[in-house]
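> pasting the structure only:
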């Protein structure tokens, strides 16, 4: 098979109507992928992004689906295959926070975050593996049969008081990635994670838009700046490309050094 016989990659990006997911979808489209822009409740920005990509000569479609539900995940993948004929890349980005000290956290708050941030990762990854295996591997647009990137967080390792549901979900997602990578590597499927640190997105606008809280945040970032969604998108684009073909089961921290325990600086 020649390179001209290979199709352009088809990517699903969950939670792509804002923030990191939107930046990832835009970057993958810029790199030549056809992209399914998934959203749950914010249809307008997802459709606007798909229209933007198509207007620039790319291929994209916006698909509404709740990825914490099996039927939602099946619909998302069915719609992608119906539109583009296949799926080669999954970026499981959807996530949410419902913060509270443990004594005040309700079971509903716990379940809402676990269901989306962890169970949603499982459901999407399971469906991706099924689709990758069912497709003709010889027509894959890159060396791997398929590529999965899970969006975790520096809090897959850093404890975060008051956010026990989020930290538990993200640390569980990290082990999900490592275990799944071990299981499906023999099928030519690569599975990795990107763990962002502090990124300028709507979810944490109350922190970066306030001068005092932003100054405190920067004390946790040795590199001295907050991350941008594009920083994460670049990392994802590399991980799903042939440039990272020998990388699987790895978490790439995009955090400006937050994982370096900056509180210990000067205490040696």
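It's in. Owing to the predicted nature of the structure, the values given are computational and were not obtained by experimental measurement. Residues are numbered from 1 along each chain as shown.

> Could you list the low-confidence segments of the stretch 151-268 of the chain?
268 (pLDDT under 70).

> Tell me which stretches of it form helices.
164-184, 205-208, 211-218, 229-239 (DSSP state H, counting those that start in this stretch).

> what's the shortest one packed up against?
The contact analysis (3 or more Cβ pairs under 8 Å, 6 or more residues apart in numbering; DSSP states H and E) places helix 205-208 against helix 211-218. Placement of C-beta: from N, CA and C, glycine included.

> Mind checking the helices of the stretch 151-268 of the chain for the one nearest to residue 36?
Proximity to residue 36, assessed across the helices of the stretch 151-268 of the chain by Cβ to Cβ, is greatest for helix 229-239 (14.8 Å).

> Which strands or helices does that closest one pack on?
Against helix 229-239 (3+ Cβ pairs under 8 Å, 6+ apart) you get helix 19-30, strand 146-151, strand 189-196, strand 251-254.

> Export those as JSON lines, with columns for mean neighbour count and distance to residue 134.
As requested, the helices and strands packed on helix 229-239 are exported to JSON lines (neighbours: other Cβ atoms under 10 Å; distance: least, Cβ to Cβ, whole Å):
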{"stretch": "helix 19-30", "mean neighbour count": "25", "distance to residue 134": "22"}
{"stretch": "strand 146-151", "mean neighbour count": "27", "distance to residue 134": "10"}
{"stretch": "strand 189-196", "mean neighbour count": "25", "distance to residue 134": "12"}
{"stretch": "strand 251-254", "mean neighbour count": "19", "distance to residue 134": "28"}
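
> can you pull the pLDDT of the nearest residue to residue 59 once chain neighbours are set aside?
Ranked by Cβ to Cβ, 6 or more residues apart in numbering and with sequence neighbours excluded, the top spatial neighbour of residue 59 is residue 34, at 3.8 Å. Residue 34 carries a pLDDT value of 98.

> That's all I had, so thanks and see you.
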